[in-house]
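Student: What follows is a predicted structure for the sequence shown.
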Amino acid sequence: MNQCKLIMFDLDGTALLQDKINISPRLLAALERAHRTGIHIVPITGRPYIFLPPILRTDLPWKEICVLNNGGEYRRFSDGKIIDSAHMPYYDAKQIIELAAKYFTPIELTVNDKIMMTEADRDRLCSFHIPALQHHIDHDLMAHGHFADDLNQYAEENCPMVEKLTMPYVPPKFRRALFEEINRLPVSCVWGSPNGIEVTASEATKGNGLLWVCRYFDITPEACMAFGDSGNDVSMLKLAGMGVAMGNAPDPVKDAADLITDTNMEDGVAKVIEKYLLNQYISDGRNTNEHNV
């Protein structure tokens, strides 16, 4: 890759630890050192702004901008203001809501910095008893969830544009059919987790997010190092000068990357930054999972 001028990293499963809240001290130190060399540091996530973890609301020296909703929104950290966005028209969102109902899949609507869903879908989501969803149910929905009797009616009356639709858990028997039906529509549909689908406007992808950030800082994609672990990261990993998949990523994500590192719980992101950008790689006694570039 060209001399690195930009690091972009996903949050859940990549930069965040398993608690979905914290970033390890080692990674924070590596990011700060990279920042001091003149490299821009930009988080890129499927989360909306309201779901950013507390660590990203502290006074970190490298915070400039962040990419949210899989490339559907760009905000400054300094004041939280939206710089640019790619939101979905209501009439496209309406079709997704109807497909979720057809396949008995709970769905959430991200709009105006809040999460809307029906109480019936919240109860159905809880009934699956999926450990990976517990943080979302206990923390995200508890703090930011709002309920409507009819999601389509609410969206029609209040939301000419929608930021994102999320199906946190799609029952396995419906996954292929639902994914295929959504992909026939003019939207971006990706697996944000092994069990869940995220739907945004067709332009709202992490690949386009990387290109937007490169234009913002007037650099080329070849000068970007990008990290991710899920299906929504694939377009970004393919465009970056060095796309790095986490050790905990599924095989299709690893196949899209130039390099595979250790898991988020083994400081995989920090190890690559230290080795390739800081020349200060610190061995912790474990064998890394990195492939040669």
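Tutor: The structure has been received and is ready for your questions.
Student: list the buried ones in stretch 86-99?
Tutor: Neighbour-count burial for stretch 86-99, counted by 16 or more other CB atoms under 10 Å, picks out 86-88, 90, 92-93, 95-97, 99. Heads up, the C-betas are built off the backbone N, CA and C, glycines and all.
Student: Turn those into a markdown table, columns for pLDDT, distance to residue 277 and secondary structure.
Tutor: Formatted as a markdown table, the buried residues of stretch 86-99 follow (pLDDT from 0 to 100; distance: CB to CB, whole Å; DSSP: H, G, I helix; E, B strand; the rest coil):
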| residue | pLDDT | distance to residue 277 | secondary structure |
| --- | --- | --- | --- |
| 86 | 96 | 30 | coil |
| 87 | 94 | 34 | coil |
| 88 | 94 | 36 | strand |
| 90 | 92 | 43 | helix |
| 92 | 93 | 40 | helix |
| 93 | 94 | 40 | helix |
| 95 | 95 | 44 | helix |
| 96 | 96 | 40 | helix |
| 97 | 96 | 43 | helix |
| 99 | 97 | 43 | helix |
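Student: Make TSV out of these and add distance to residue 210.
Tutor: Listed next are those as TSV, based on distance: CB to CB, whole Å:
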residue	distance to residue 210
86	14
87	19
88	20
90	28
92	23
93	25
95	28
96	25
97	29
99	29
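Student: ok, of these, which one's closest to residue 200?
Tutor: In terms of CB to CB, no member of these lies closer to residue 200 than residue 88, at 6.3 Å.
Student: Ignoring the adjacent residues along the chain, who's closest to residue 265?
Tutor: Closest residue to residue 265 apart from its sequence neighbours, by CB to CB, 6 or more residues apart in numbering: residue 18 at 5.8 Å.
Student: where does the one you found land in three-state SS?
Tutor: At residue 18 the chain is in coil, as set by DSSP: H, G, I helix; E, B strand; the rest coil.
Student: Could you shift the numbering so residue one becomes 52, and keep it that way?
Tutor: Got it, first residue is 52 now, which makes that one residue 69.
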